[in-house]
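What would the 3D arrangement of this be:
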Amino acid sequence: MDARLTHLDFTHVFYDPSDLLSLPLAISSLIPQLILVVYTTQFFCRREIETCLMVAGQVLSELLNELLKSVIRQPRPHLELGSGYGMPSAHAQFMAFYATYLTAWTLAHAHFSPLKKALRITWVVGLGALVSYSRVYLNYHTPAQVAVGIAVGVLFGLGWHRAVLFMRWIGLVDWVLDHVFLADWFYVKDTAATSGSFVEDEYAQWKKQRAATRSKKAQ
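Numbers count the residues shown, from 1 in each chain. Alright, predicted model coming up:
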């Protein structure tokens with residue numbers, strides 16, 4: 001067998017079984033992977049261009065993280081944990097971008113009630129804080145590496161949100177929807193910014209259709 005084989009560390013997280021917090025925090029380190037699943041599910045269920053735009057920003061943020069790591073070349077606090085450099089933390093940057101972009105998007109759309117906005121923002125910021133804390137607690141990163149990851153993620157999230165607004169303003173998003181054949185193939189639409197909860201919308205539509213059907217039967 002080839003001695004150069006290595007492990008796939010996509011879900012390879014070390015934790016201390018004697019520490020009550022270690023396992024829950026190790027599980028929380030997998031939240032970014034779960035979010036990738038959510039992105040995929042969200043797209044194939046709703047077919048929204050907004051999901052594609054957010055994923056594009058997330059990918060660019062990850063590429064920026066790899067670039068910064070290759071330039072800074074700062075090792076992790078414990079070399080036996082994880083592979084590659086540690087500055088900035090990819091987990092912290094991923095979650096900071098995710099929380100920042102969703103927060104900016106939520107605040108920019110008035111069809112959400114103040115309570116719904118507050119709950120959504122609290123949820124995503126809390127997830128980001130939990131994942132970032134877990135990376136320090138489990139000794140995968142130093143506090144500085146996590147802090148820089150958060151800072152880069154926040155700045156890039158804000159910048160990408162402004163970039164998306166600009167792309168909408170110049171008509172680029174509409175052009176993609178009208179002229180890129182993949183948009184037609186996958187039935188991509190742009191309703192996330194103008195509609196409320198799709199669950200509520202579909203429920204209301206079902207109730208309306210049900211009432212119409214009952215009315216016809218009663219005649």
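
Let me see the ranges of the strands in the chain.
With DSSP state E as the criterion, the chain has no strands.

which stretches of it have low pLDDT?
For the chain, the stretches with pLDDT under 70 are 1-12, 79-82, 110, 193-201, 203, 217-219.

buried sites along stretch 123-139?
Neighbour-count burial for stretch 123-139, counted by 16 or more other CB atoms under 10 Å, picks out 124-125, 127-128, 131-139. All C-beta atoms are positioned from the backbone trio N, CA, C, and that covers glycine.

Tell me the gap between that stretch and the middle of its chain.
Averaging C-alpha positions (CA atoms, centre = their mean, to the nearest Å) puts stretch 123-139 14 Å from its chain's average.

same question, stretch 27-47
Remark: stretch 27-47 is offset 7 Å from the chain centroid, using CA atoms, centre = their mean.

Need the max-distance pair from the buried residues of stretch 123-139.
Across those, the longest distance by CB to CB is 25.5 Å; it joins V124 and N139.

before we move on, back to that, with respect to W185, which of the buried residues of stretch 123-139 is nearest?
The nearest member of the buried residues of stretch 123-139 to W185, counting by CB to CB, is V124 at 30.7 Å.

Distance check, that closest one against Y98.
Using CB to CB, to the nearest Å, one obtains 7 Å as the distance from V124 to Y98.

ok, now W160?
For W160, the distance to Y98 equals 11 Å [CB to CB].

Please say which of the two ends up with more neighbours.
Using other CB atoms under 10 Å, the more surrounded residue of W160 and Y98 is Y98, with 26 against 21.

Could I get the contacting residues of the more buried one?
If you count contacts by CB atoms under 8 Å, 6 or more residues apart in numbering, Y98 has them with 32, 35, 58, 124, 127-128, 153, 157.
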